[in-house]
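Student: sequence? don't have it. structure:
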C-alpha cells in the first residue's frame with residue numbers, strides 16, 4: 001500500500017484548518033438516512049454513573065457529537081453509524097462485562113471509551129480476545145502497546161515526563177505525590193520519582209486514596225507539615241473535589257505549595273465550583289481567585305488554544321449542549337478519534353479487520369484544535385505538550401508548549417521494558433488480580 005500521509009507547512013496547515021472547519025459547519029445541512037437503511041454499530045463505553053462520571057459523561061457527549069456529524073455527511077461506507085451506549089459505572093469489572101456484551105451480543109465494530117487505566121486494561125483483554133478495536137481517548141501511564149487499541153491520549157513522554165521536568169525547572173524540586181490508588185497514578189508517580197531523583201530533587205511524601213475516596217484530611221495535614229514546593233496531583237474523578245476541599249480546610253497556602261495536576265481539567269473544576277457554591281456560598285464569589293488560581297495542569301489540549309478551528313470546535317459543543325459547556329482534552333481526543341476511525345474505514349472499505357483499519361490509519365492526517373493528528377506505528381498519537389495555569393476566570397492560560405508534536409514513547413527509557421513490566425505485575429498482584437483498589441464514591445452533589 002502506498003503512503004498517503006500528508007505533511008503540512010504552517011501556511012498550508014492553517015488553510016487546511018479553515019477548510020476543515022468550514023466543511024464541518026455544513027454538517028447540519030446534510031440529508032438524513034432513509035428508513036430501514038443499513039447500519040454499522042459502534043460501542044460507546046464510559047462511566048455515566050459513579051466517581052468517574054464527572055469526567056467521562058462529557059467524553060461520551062463528544063463521541064456522540066462526532067458520530068452525529070459523520071452520519072449527516074453520509075456515514076461510513078454509505079451506512080449509518082448506530083451508537084450503542086453502555087455505562088461502565090466507574091467499575092473495571094463492569095467495563096469488562098459491558099465490552100464483551102457490546103462485541104459478542106451487540107456486534108459493535110469498534111468501541112470508543114474508557115478513562116481510567118484500570119478500565120482500559122479490563123477492556124483490553126476483551127478486544128484482544130475478539131480481535132476487536134478500542135479507541136482510548138485519555139492520557140495514560142504507558143507501559144502498554146496493544147494491536148487492538150488506538151491510544152489517542154498522551155503517553156508518558158507527552159505528559160507525565162514534561163510536566164515533572166517543567167515543575168522542577170519552574171516551581172521547585174520538593175514534591176508531594178498524591179493520587180488515586182490504581183495503576184495510572186502508581187506508575188505516573190514511579191516515573192516522576194525517577195525524574196525528580198535525576199535532577200537532584202526530593203519526594204517529601206507519597207499518598208494514595210482509592211478511586212472514589214473522600215478522606216483527604218490526613219493527607220492535607222501531611223502536605224502542610226512537609227511543606228513541599230510542588231503537589232503532583234494524579235487524583236481522578238470527583239475525589240478531586242474532596243482533595244481540594246481538604247486543602248482549603250487545612251489552609252494549605254497555594255502560593256507555597258503549587259499544584260500540578262495530570263488528570264484534572266475544566267469539568268472537574270466546574271464541579272468543584274458547584275460544590276463550593278453549595279457548601280460555602282458566602283465565599284463562592286471569589287473561590288477561584290482565593291483557592292484555585294495559579295494551579296497548573298499538563299494536557300495536549302486546552303479550551304484556550306487560539307486558532308480558528310478551536311473556536312469553531314467549541315462553538316459546536318456549546319450549540320449542542322449549552323452555552324456554558326466546557327471542552328476538555330479527552331473530549332477533543334475522543335471526537336477526532338471517531339473521525340480517524342471513519343476515514344480509515346472509508347479508505348480501506350473494511351469495518352471488521354482491525355489490522356487492515358490500523359494499516360490505513362497510519363497513513364491519515366487530520367487537522368484538530370491541538371494540531372495535526374497522526375498515529376505512529378505503535379498505535380499512539382503524536383501530541384503537542386502544553387502546560388496551563390489557571391487564571392481567575394477559571395480558564396487555563398497556556399504558558400508553555402512543545403515546539404512540535406512529540407513522538408509517543410510508551411516505555412520510558414530510563415528503565416528497561418522488563419523492569420517496567422515487573423513493576424506492573426507487582427501492582428497487579430498487590431490488588432489481587434485487579435488494576436485498582438476500590439472505595440465508596442464521594443458525593444459531589446450531582447454537578448453534571
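Tutor: Sure, I can see it. Not measured: the values here are computed from a predicted model.

Student: so who does the residue nearest the centre of the chain touch?
Tutor: Central residue of the chain (CA atoms, centre = their mean): residue 138, 2.6 Å from the mean position. By CB atoms under 8 Å, 6 or more residues apart in numbering, the contact set of residue 138 is 59, 114, 115, 152, 153, 330, 333. Placement of C-beta: from N, CA and C, glycine included.

Student: sec struct for it, please.
Tutor: coil (DSSP: H, G, I helix; E, B strand; the rest coil).

Student: can you list the domain ranges for this protein.
Tutor: Listed by automatic domain parsing, the domain ranges of the chain are 10-155+303-384, 157-300+408-430.

Student: which of the ones you listed sits closest to residue 400?
Tutor: Minimum separation from residue 400 across those (CB to CB) falls at domain 157-300+408-430, 6.1 Å.

Student: my read is that residue 190 contacts residue 423, right?
Tutor: Yes: with contact defined as CB atoms under 8 Å, residue 190 reaches residue 423; the gap is 6.4 Å.

Student: how much space between residue 388 and residue 163?
Tutor: Distance, residue 388 to residue 163, using CB to CB, to the nearest Å: 11 Å.

Student: neighbour count winner among the two?
Tutor: Using other CB atoms under 10 Å, the more surrounded residue of residue 388 and residue 163 is residue 163, with 28 against 25.

Student: more neighbours: which of residue 190 and residue 423?
Tutor: residue 190 (20 against 15).

Student: can the domains of the chain go into TSV with extra columns for mean pLDDT and distance to residue 399?
Tutor: As requested, the domains of the chain are exported to TSV (pLDDT from 0 to 100; distance: least, CB to CB, whole Å):
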stretch	mean pLDDT	distance to residue 399
domain 10-155+303-384	90	11
domain 157-300+408-430	90	8
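
Student: with distance to residue 394 as extra columns, can I get the ones you listed in a markdown table?
Tutor: As requested, the domains of the chain are exported to a markdown table (distance: least, CB to CB, whole Å):
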| stretch | distance to residue 394 |
| --- | --- |
| domain 10-155+303-384 | 9 |
| domain 157-300+408-430 | 5 |
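
Student: indicate which one of those domains is closest to residue 398.
Tutor: domain 10-155+303-384 (5.9 Å).

Student: give the residues shared as contacts by residue 388 and residue 163.
Tutor: Counting by CB under 8 Å, 6+ apart, the residues touching both residue 388 and residue 163 are residue 298.

Student: quick one: contacts of the helix or strand residue 427 falls within?
Tutor: With elements taken from DSSP states H and E, the one containing residue 427 is helix 417-430. Residues outside helix 417-430 that contact it (CB under 8 Å, 6+ apart): 143, 183, 186, 187, 190, 411, 412, 434, 435.

Student: for residue 229, which non-adjacent residue is closest in space?
Tutor: With sequence-adjacent residues excluded and distances taken as CB to CB, 6 or more residues apart in numbering, residue 229 is closest to residue 172, at 2.5 Å.

Student: that neighbour against residue 232, yeah?
Tutor: No: counting by CB under 8 Å, residue 172 does not reach residue 232; the two are 11.3 Å apart.

Student: give me the more crowded residue out of those two.
Tutor: Neighbours per residue (other CB under 10 Å) separate residue 172 from residue 232, with residue 232 holding more: 27 against 15.

Student: residues near residue 426, how many?
Tutor: 11.

Student: could you measure from it over to residue 155?
Tutor: For residue 426 relative to residue 155 (CB to CB), the value is 21 Å.

Student: what's the answer for residue 341, then?
Tutor: Distance, residue 341 to residue 155, by CB to CB: 20 Å.

Student: of these two, which one has the most company?
Tutor: A count of neighbours by other CB under 10 Å puts residue 155 above the other of residue 341 and residue 155, at 29 against 25.

Student: what values do phi and psi take at the more buried one?
Tutor: In terms of degrees, to the nearest 10, the main-chain angles of residue 155 are phi -80, psi 170.

Student: now it: how far from residue 191?
Tutor: With CB to CB as the criterion, residue 155 and residue 191 are 11 Å apart.

Student: which neighbours do the two have in common?
Tutor: residue 142.

Student: strands of the stretch 201-350 of the chain, residue ranges please.
Tutor: 202-209, 230-234, 258-261, 296-299 (DSSP state E, counting those that start in this stretch).

Student: for the last one, packing partners?
Tutor: Other helices and strands packing on strand 296-299, by 3 or more CB pairs under 8 Å, 6 or more residues apart in numbering; DSSP states H and E, are helix 160-170, strand 258-261, strand 386-390.

Student: now distance to residue 405 too, for these, in a markdown table please.
Tutor: Output for these, formatted as a markdown table (distance: least, CB to CB, whole Å):
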| stretch | distance to residue 405 |
| --- | --- |
| helix 160-170 | 13 |
| strand 258-261 | 22 |
| strand 386-390 | 11 |
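
Student: do you know which of the ones you listed lies nearest residue 372?
Tutor: Nearest to residue 372 among these is strand 386-390; the distance by CB to CB comes to 15.0 Å.

Student: show me what counts as buried in the following helix or strand past that closest one.
Tutor: Where DSSP H and E defines the elements, the next helix or strand beyond strand 386-390 is strand 396-401. Within strand 396-401, the residues scored as buried using 16 or more other CB atoms under 10 Å are 396, 398, 400, 401.

Student: quick check: chain neighbours aside, which residue is closest to the third one?
Tutor: Which is residue 400. residue 387 (4.4 Å).

Student: I figured that neighbour was touching residue 401, is that so?
Tutor: Yes: between residue 387 and residue 401 there is a contact under CB under 8 Å: 7.4 Å.
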